[in-house]
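Asker: generate a structure from the sequence data that follows.
(one chain, ligands or ions: 1)
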Amino acid sequence: MLPQVCVCYLLREFSAGTHQVLLGRKKVGFGAGYYVGLGGKLEPGETAIEAAVREVEEESGVVVMAEDLEPRGLLTYLFPHRESWSQESSVFVGETWRGEPVESDELDPEWFDLDALPLSEMWDDARFWLPEVLAGGSIRRTFTFGADLARVVDPFAAGSRPSVSG
Ligand SMILES: CNc1ncnc2c1ncn2[C@@H]1O[C@H](COP(=O)(O)OP(=O)(O)OP(=O)(O)O)[C@@H](O)[C@H]1O
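Answerer: Here you go, the predicted model:
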């Protein structure tokens, strides 16, 4: 089984009809420099949703309850040129949470309008699924990264067909 990680996208209604998502510039470690959702590795014995609750608080100070997180799917990231980076990520979206995001050692939180996501500064896969998932969809998909460890190769290959629904 691939290493299991989670990612959580918190949404807020910024002004009437305008929704925003909390992302953060990752400061250290895997994906440093990219804007990412809050998340990280599951600890032993932890479920993906428990990990999401914990990582949101660790990385931003925001408190979210497990029952306020909606499971929105599973992403498989394959790095044939760097096997140790391959992982499987459970995706959650939450609209109810408490607190104000604060900068942590891991990441510098920032709100983005849903129609102005910083896709060119995120992991390359995000452009293929994140807008649809934040608009209410769910996803089950595999992305394979190339030798540059940065670009998705052949995103429409068999086995990695888009399956956004919702
Ligand atoms: C390759 N394409 C990718 N596209 C979008 N998001 C990606 C991703 N690959 C990893 N992610 C996210 O990155 C976090 C795991 O990173 P990972 O280093 O395991 O966690 P993190 O540095 O937080 O460590 P700790 O668990 O805190 O130790 C986790 O949210 C995961 O969904």
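
Asker: show me what counts as buried in the helix ranked longest in the chain.
Answerer: Ordering each helix of the chain by length in residues (DSSP state H) puts helix 48-60 first. For helix 48-60, the neighbour count (16 or more other Cβ atoms under 10 Å) marks 48-49, 51-57, 59-60 as buried. For glycine as for every other residue, the C-beta is placed from the backbone atoms N, C-alpha and C.

Asker: which residues does it contact?
Answerer: 4-8, 10, 22, 24, 38-43, 46, 62-66, 69, 71, 90, 92, 94, 97, 101-102, 104, 106-107, 109 (Cβ atoms under 8 Å, 6 or more residues apart in numbering).

Asker: dump the buried residues of helix 48-60 into TSV; add pLDDT and distance to L130 as well.
Answerer: As requested, those are exported to TSV (pLDDT from 0 to 100; distance: Cβ to Cβ, whole Å):
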residue	pLDDT	distance to L130
A48	98	18
I49	98	19
A51	98	20
A52	98	16
V53	98	21
R54	98	22
E55	97	18
V56	97	17
E57	97	22
E59	95	18
S60	96	18
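
Asker: can I get those in JSON lines including distance to the ligand?
Answerer: Below are the buried residues of helix 48-60 laid out as JSON lines (distance: Cβ to the nearest ligand atom, whole Å):
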{"residue": "A48", "distance to the ligand": "10"}
{"residue": "I49", "distance to the ligand": "13"}
{"residue": "A51", "distance to the ligand": "8"}
{"residue": "A52", "distance to the ligand": "9"}
{"residue": "V53", "distance to the ligand": "13"}
{"residue": "R54", "distance to the ligand": "9"}
{"residue": "E55", "distance to the ligand": "6"}
{"residue": "V56", "distance to the ligand": "10"}
{"residue": "E57", "distance to the ligand": "12"}
{"residue": "E59", "distance to the ligand": "7"}
{"residue": "S60", "distance to the ligand": "12"}
